[in-house]
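> Fold the following and give me the result.
(one chain, ligands or ions: 1)
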Amino acid sequence: MISNKTLKLSLKSLRDFAKKRLPDETLIELDERDECPLEIVRDMCDPDGLGIQLLFIPEECGGFGGGAFDVYLVCEEMARIDLGVATAVLATFLGSDPITVGATPEQKKHWLSRIANEGLLFAYGATEPDAGSDLGALRTTADRVTQDGRVVGYKINGNKQWISNGGIADAYTVLANTPSGPSWFILEKGAKGFSHDEPEDKHGIRLSNTAALAFNDVYVDAARLIGGVEGQGLNQAQAVFGYTRVMVAAFGLGAGWSALDRAIPYSTKRIQAGGPLSEKQGYTHKLIVPNVARLEAARAYIEETAERIDGGAEGSLNTEGAISKYMATEAGNAAAEASIQALGGYGYTHEYMVEKIKRDVRITTIYEGTSEIMEMTISRDRWQLHLKTRGEHYHQQARVYEELHSRHPNVGADNAALALHALAVVMEKARVARLTRYQHILLRLGELIAWAESAGSLSRRAALMAEGKLNEKANRRFDAKALAALSRIFAREAALKVAEEGLRWVIGAGGINNGESAALEESLGLPAIHRAQAGLISDLDYIADVLYGRVAKHAELVA
Ligand SMILES: Cc1cc2nc3c(=O)[nH]c(=O)nc-3n(C[C@H](O)[C@H](O)[C@H](O)COP(=O)(O)OP(=O)(O)OC[C@H]3O[C@@H](n4cnc5c(N)ncnc54)[C@H](O)[C@@H]3O)c2cc1C
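Residues are numbered from 1 along each chain as shown. Predicted coordinates:
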């Protein structure tokens with residue numbers, strides 16, 4: 001684990017590097033030329049330069065041994081600079097994951113040390129033309145090569161699609177089917193029979209190299225089978241989803257904030273109808289403040305998940321990673337979209353950058369698991385909890401927040417509790433009427449679960465902030481009072497969404513009989529949720545004042 005001081009220094013070096021090497025004009029030019037700045041990516045991974053990859057390499061292999069919390073903060077910072085470059089760096093992280101999780105001690109030492117000492121760039125080759133969300137459908141094969149009855153190597157044949165760093169990596173981790181099932185292999189560039197296509201012409205992250213790979217009887221030594229045992233590939237991929245999805249969540253967060261941080265100052269200077277846009281409620285309360293609340297709710301969930309990973313939580317935290325990714329990347333996309341609107345016509349041009357950020361952040365709801373796959377993952381897991389606890393799981397969670405509300409009446413925990421109780425009621429209705437036989441209902445539940453749990457997280461984060469117990473590395477852009485107001489805004493929205501959309505889907509799927517809807521509205525707590533909207537405008541006003549520096553801050557901004 002690295003110290004807060006070292007982390008802050010690394011983040012500052014990253015910002016200084018970006019200011020010098022990747023100013024807006026350079027980013028715009030590279031984006032227009034659709035070019036990956038390989039030299040810059042290499043300098044970022046040069047152990048004698050920025051050496052950003054050292055953060056996630058264990059100390060015994062020459063790195064700093066950073067944890068999930070550190071890597072989340074670095075990923076957020078990289079995304080604020082450029083998501084394409086961030087993706088190029090992350091690809092090494094993803095590419096080395098199967099090694100971190102499943103390799104033998106010798107393989108780990110060899111490859112992770114090379115990433116640390118030589119700045120080796122990796123690519124992560126899982127997706128195929130016919131195997132995207134459903135990796136089980138992969139067709140790339142690795143056939144055993146034997147000598148005297150002993151397996152001495154493998155011959156790989158097949159194709160990979162959409163591989164970040166595909167055309168520039170020094171080494172590749174590749175998922176292929178062995179006779180005992182999917183397995184990861186490591187191969188280096190230049191291997192005979194291995195080739196890559198020209199980079200894809202993409203909508204966004206145009207500074208990232210994305211290419212298809214082809215394997216034509218590519219021989220790899222048996223020592224390149226990760227872990228030395230066949231058939232472990234899908235488990236190894238699954239084992240790190242909690243971690244890797246938190247990183248992509250941080251990308252959504254960083255990109256979303258980077259767009260808002262252009263819209264906010266812009267609106268102080270843009271005069272329309274006699275005054276700056278920043279003073280117009282119809283502007284700030286639609287385009288800026290709600291997006292800030294959604295991003296900070298996602299941050300609360302990310303930080304909690306990263307802390308749990310670093311604390312050695314049991315299991316892969318696959319669902320928590322999925323909720324983090326889902327909330328942060330959807331919020332990041334919405335924030336970037338709203339930022340284009342916030343800049344009006346200027347927002348629609350290259351020069352003002354927000355349209356580039358919007359194109360870039362779009363990828364975060366697709367790669368490392370699409371939003372729909374996240375909804376499915378979340379829903380399936382929490383559905384089991386609902387069944388196991390006979391419908392009590394979310395009522396129990398709600399009671400935790402009711403207790404929090406009794407200690408901290410201003411952090412929105414009462415509204416988070418309303419959201420969680422409503423969620424429990426919707427899920428129980430879905431169980432009784434067997435509504436999860438409709439895939440759409442299952443996935444909509446995933447969305448509502450993510451919102452309700454995030455409302456809880458943000459209220460807990462606001463309470464920790466008020467108690468001075470927030471993780472020392474945590475983002476401190478907002479003080480306790482502002483965080484509490486953000487939490488109240490988000491929890492009101494979450495409660496309303498869960499109850500109203502839950503009601504919609506239960507009725508829409510034929511889950512109740514005629515005449516039962518009034519009773520269901522009552523049991524969902526809809527009247528109470530409507531009453532809880534009181535105070536919303538004044539909270540939106542307060543956050544707008546905070547964002548525009550119109551109130552004194554209660555805590556220091558993080559440098
Ligand atoms: C720029 C870029 C970089 C990438 N980098 C990498 C990389 O480095 N390594 C790598 O291995 N992969 C990479 N990918 C691949 C990425 O992870 C996949 O694109 C993603 O997992 C989705 O797979 P797919 O494109 O085949 O879409 P599909 O799986 O075909 O999905 C298409 C749509 O259908 C939905 N869908 C899919 N299954 C279901 C279902 N069961 N029920 C309901 N809806 C469903 C999806 O949510 C999506 O909206 C990258 C992709 C891009 C575009």
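> In the stretch 51-200 of the chain, which residue sits closest to the ligand?
Nearest residue of the stretch 51-200 of the chain to the ligand (CB to the nearest ligand atom) works out as residue 132 at 1.7 Å. Placement of C-beta: from N, CA and C, glycine included.
> quick one, what contacts that residue?
residue 161 (CB atoms under 8 Å, 6 or more residues apart in numbering).
> Is residue 10 within a helix or a strand, and which one?
Residue 10 is part of helix 4-21, with elements assigned from DSSP states H and E.
> How about residues contacting that helix?
2, 40, 43-44, 50, 52, 55, 64, 66, 70, 73-74, 77-78, 81-82, 472-473, 559.
> Show me which residues of the stretch 201-350 of the chain sit near the ligand.
Contact residues (CB under 6 Å from any ligand atom) of the stretch 201-350 of the chain with the ligand: 202, 205, 210.
> Cross these against strands and list the overlap.
Among these, DSSP state E puts residue 210 in strands.
> so can I have JSON lines of the residues of the stretch 201-350 of the chain next to the ligand showing pLDDT and neighbour count?
Conversion of these to JSON lines gives the following (pLDDT from 0 to 100; neighbours: other CB atoms under 10 Å):
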{"residue": "202", "pLDDT": "98", "neighbour count": "16"}
{"residue": "205", "pLDDT": "98", "neighbour count": "28"}
{"residue": "210", "pLDDT": "98", "neighbour count": "26"}
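> Among the residues of the stretch 201-350 of the chain next to the ligand, which one sits closest to the ligand?
Set against the ligand, the nearest of those by CB to the nearest ligand atom is residue 210 (4.4 Å).
> list the contacts for that closest one?
162, 163, 164, 166, 199, 200, 202.
> Let me know the pLDDT of the residue of the stretch 51-200 of the chain closest to the ligand.
pLDDT for residue 132: 94.
> and it, backbone torsions?
phi -110, psi -100 (degrees, to the nearest 10).
> List, one by one, the residues from the stretch 351-500 of the chain near the ligand.
363, 366, 367, 368, 370, 372, 373.
> What about those residues, which are in helices?
Among these, the members found in helices (DSSP state H) are 372, 373.
> Out of the residues of the stretch 351-500 of the chain next to the ligand, who's the most crowded?
Neighbour counts for these (other CB atoms under 10 Å) peak at residue 363, which has 26 neighbours.
> where are the low-confidence patches of this protein?
552-559 (pLDDT under 70).
> Show me the strands in it, by range?
Applying DSSP E to the chain gives strands spanning 122-125, 141-147, 150-164, 171-178, 181-188, 194-196, 210-221, 271-272, 275-276.
> winner for burial among the ones you listed?
Highest mean neighbour count among those (mean count of other CB atoms under 10 Å): strand 122-125, with a mean of 28.
> That strand and the ligand in contact?
Yes: shown here: strand 122-125 in contact with the ligand (CB under 6 Å from any ligand atom) through 124, 125.
> Name the residues that touch that strand?
With CB under 8 Å, 6+ apart as the criterion, strand 122-125 contacts 91-98, 115, 160, 163-166, 169-175, 213.
> can we see that at 6 Å?
By CB atoms under 6 Å, 6 or more residues apart in numbering, the residues outside strand 122-125 that reach it are 91-92, 94-96, 160, 163, 165-166, 169, 171-174, 213.
> now do stretch 347-355
Outside stretch 347-355, the residues that touch it by CB under 6 Å, 6+ apart are 24, 28, 259, 262, 339, 340, 343, 346.
> Pull out the buried residues from the residues you listed.
Neighbour counting by 16 or more other CB atoms under 10 Å classes 259, 262, 339, 340, 343 among these as buried.
> which residues sit in contact with the last one?
The contact partners of residue 343, by CB under 6 Å, 6+ apart, come to 266, 352, 354.
> Give me the phi and psi angles of it.
According to degrees, to the nearest 10, residue 343 has phi -100, psi 0.
> on that earlier part again, let me have the contacts of stretch 347-355 in CSV, extended by distance to residue 228.
Output for those, formatted as CSV (distance: CB to CB, whole Å):
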residue, distance to residue 228
24, 48
28, 47
259, 46
262, 50
339, 49
340, 51
343, 54
346, 57
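> burial count for the residue nearest to residue 283 when sequence neighbours are not counted?
Excluding the flanking residues, the one nearest residue 283 by CB to CB, 6 or more residues apart in numbering is residue 277, at 4.8 Å. Neighbour count of residue 277, defined by other CB under 10 Å: 22.
> and the gap between the residue of the stretch 401-550 of the chain found nearest the ligand and residue 376?
The stretch 401-550 of the chain approaches the ligand most closely through residue 439 (6.4 Å), counting by CB to the nearest ligand atom. Going from residue 439 to residue 376 by CB to CB, to the nearest Å gives 8 Å.
> Looking at those two, which has the bigger crowd around it?
Neighbour count, other CB under 10 Å: between residue 439 and residue 376, residue 376 has more, with 19 against 11.
> who touches the more buried one in this structure?
Residue 376 makes contact with residue 443, according to CB under 6 Å, 6+ apart.
> which ones are touching residue 247?
Residue 247 neighbours (CB under 6 Å, 6+ apart): residue 75.
> distance of it from the ligand?
Relative to the ligand, residue 247 is positioned 13 Å away (criterion: CB to the nearest ligand atom, to the nearest Å).
> Next one: that residue from residue 258, what distance?
Using CB to CB, residue 247 is found at 16 Å from residue 258.
> all helices for the stretch 451-559 of the chain, in order.
480-508, 517-523, 526-531, 536-547 (DSSP state H, counting those that start in this stretch).
> Quick one: list the elements packing against the longest one.
I take that to be helix 480-508. Applying 3 or more CB pairs under 6 Å, 6 or more residues apart in numbering; DSSP states H and E, one finds that helix 480-508 makes contact with helix 289-310, helix 413-432, helix 439-467, helix 526-531, helix 536-547.
> Could you single out the nearest of the contacts of strand 122-125 to residue 193?
Using CB to CB, residue 213 comes nearest to residue 193 of the contacts of strand 122-125, at 11.3 Å.
> Am I right that the closest one is in contact with residue 196?
Yes: the pair residue 213 / residue 196 is scored as a contact, 5.2 Å apart, by CB atoms under 6 Å.
> With distance to residue 111 as added columns, please give the buried ones among the contacts of stretch 347-355 in CSV.
Shown next, in CSV, are those (distance: CB to CB, whole Å):
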residue, distance to residue 111
259, 36
262, 39
339, 40
340, 42
343, 45
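> Counting only helices, which of those residues make the cut?
Those of the buried ones among the contacts of stretch 347-355 lying in helices (DSSP H): 259, 262, 339, 340.
> separation between the last one and residue 348?
Distance of residue 340 to residue 348, computed by CB to CB: 6 Å.
> Check the first one too.
Relative to residue 348, residue 259 is positioned 13 Å away (criterion: CB to CB).
> Likewise for the third one?
Summarising the geometry, the distance separating residue 339 from residue 348, computed by CB to CB, is 11 Å.
> Check the second one too.
With distances taken as CB to CB, residue 262 is found 13 Å from residue 348.
> tell me which parts of the stretch 51-200 of the chain are close to the ligand?
Residues of the stretch 51-200 of the chain lying near the ligand (CB under 6 Å from any ligand atom): 91, 124, 125, 126, 127, 132, 133, 162, 163, 164.
> And the furthest pair within those?
Farthest apart among those - using CB to CB - are 91 and 133, which lie 19.2 Å from each other.
> what comes up buried for stretch 292-312?
Those would be 292-310, for stretch 292-312 by 16+ other CB under 10 Å.
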